[in-house]
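Colleague: For reference, the sequence and a predicted model appear below.
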Amino acid sequence: MTDTTLLIRLADDDDDFILALVPRFVDFTLPPWRRRHECIEGIRDDLLQHLEDQPANSYLYVAEDADGERVGFIHLQRAEDFFTGRSNCHISDLAVMPEHEGKGIAKALLAHAETWAREHSCQLVTLAVFPGNQRARKLYETTGFAPDLLRLAKPVR
């Protein structure tokens with residue numbers, strides 16, 4: 001699949017297929033203090049809010065193939081950089097339907113994010129990824145992402 005066979009459009013409130021993709025965000029080994037069901041619930045609630053309320057500085061885009069089938073999505077949020085105060089484009093969520101993996105859809109959505117960031121005068125495109133999500137990390141690294149800040153966590157017991 002090439003970029004020209006994909007239509008990337010703003011999500012509508014009836015694009016709830018996005019919610020069915022939420023379990024993909026935890027389909028790997030999580031840090032021991034993270035509970036799969038809590039992560040799924042938190043991500044689902046956040047996406048639902050963004051679908052229903054469409055808050056400022058939050059942009060959900062859907063990728064459709066040449067047949068109009070929804071094959072993936074990306075959630076962009078405009079945020080202020082802590083250090084510079086300039087605008088950044090944060091990729092909050094990115095997922096592709098399992099049957100459409102390996103067709104360049106995620107790369108096309110990442111390219112869309114970069115174009116969007118450029119058009120909105122953003123300094124950086126940022127994202128966060130669990131250490132155990134090797135597939136996503138490889139994709140991000142091969143498309144030019146590199147570590148910026150490393151977030152560490154320690155459970156309080």
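Modeller: Received it, and whenever you're ready, just let me know what you need. Residues are numbered from 1 along each chain as shown.

Colleague: Tell me the buried residues in the helix or strand containing Glu41?
Modeller: Element membership for Glu41 (DSSP states H and E) is helix 36-53. For helix 36-53, the buried set under the neighbour-count rule, 16 or more other Cβ atoms under 10 Å, comprises 39, 43-44, 47, 50-51. Any C-beta I mention is one placed from the backbone N, CA and C, and that applies to glycine too.

Colleague: which stretches of the protein form strands?
Modeller: Taking DSSP state E as the test, the strands found in the chain are 7-10, 58-64, 70-80, 87-96, 124-127.

Colleague: In TSV: those, plus mean neighbour count, mean pLDDT and distance to Thr115.
Modeller: Written out in TSV, the entries for these read as follows (neighbours: other Cβ atoms under 10 Å; pLDDT from 0 to 100; distance: least, Cβ to Cβ, whole Å):
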stretch	mean neighbour count	mean pLDDT	distance to Thr115
strand 7-10	14	97	10
strand 58-64	19	97	11
strand 70-80	20	97	11
strand 87-96	21	98	10
strand 124-127	18	98	10
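
Colleague: Now tabulate those strands in JSON lines and tack on distance to Lys107.
Modeller: Supplementary listing: the strands of the chain in JSON lines, determined by distance: least, Cβ to Cβ, whole Å:
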{"stretch": "strand 7-10", "distance to Lys107": "12"}
{"stretch": "strand 58-64", "distance to Lys107": "11"}
{"stretch": "strand 70-80", "distance to Lys107": "11"}
{"stretch": "strand 87-96", "distance to Lys107": "10"}
{"stretch": "strand 124-127", "distance to Lys107": "13"}
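
Colleague: who touches the most centrally placed residue in the chain in this structure?
Modeller: The centre of the chain sits closest to Asp93, judged by Cα atoms, centre = their mean, with a distance of 2.2 Å. The contact partners of Asp93, taken as Cβ atoms under 8 Å, 6 or more residues apart in numbering, are 25, 43, 47, 73-75.

Colleague: For it, give the beta-bridge partners.
Modeller: Taking DSSP bridges, one finds His75 as the beta-bridge partners of Asp93.

Colleague: now do Ser87
Modeller: With DSSP bridges applied, the residues forming beta bridges to Ser87 are Glu80.

Colleague: What residues does it make contact with?
Modeller: The contact partners of Ser87, by Cβ under 8 Å, 6+ apart, come to 78-81, 120-123.

Colleague: How about Gly132?
Modeller: Counting by Cβ under 8 Å, 6+ apart, the residues that Gly132 touches are 28-31.
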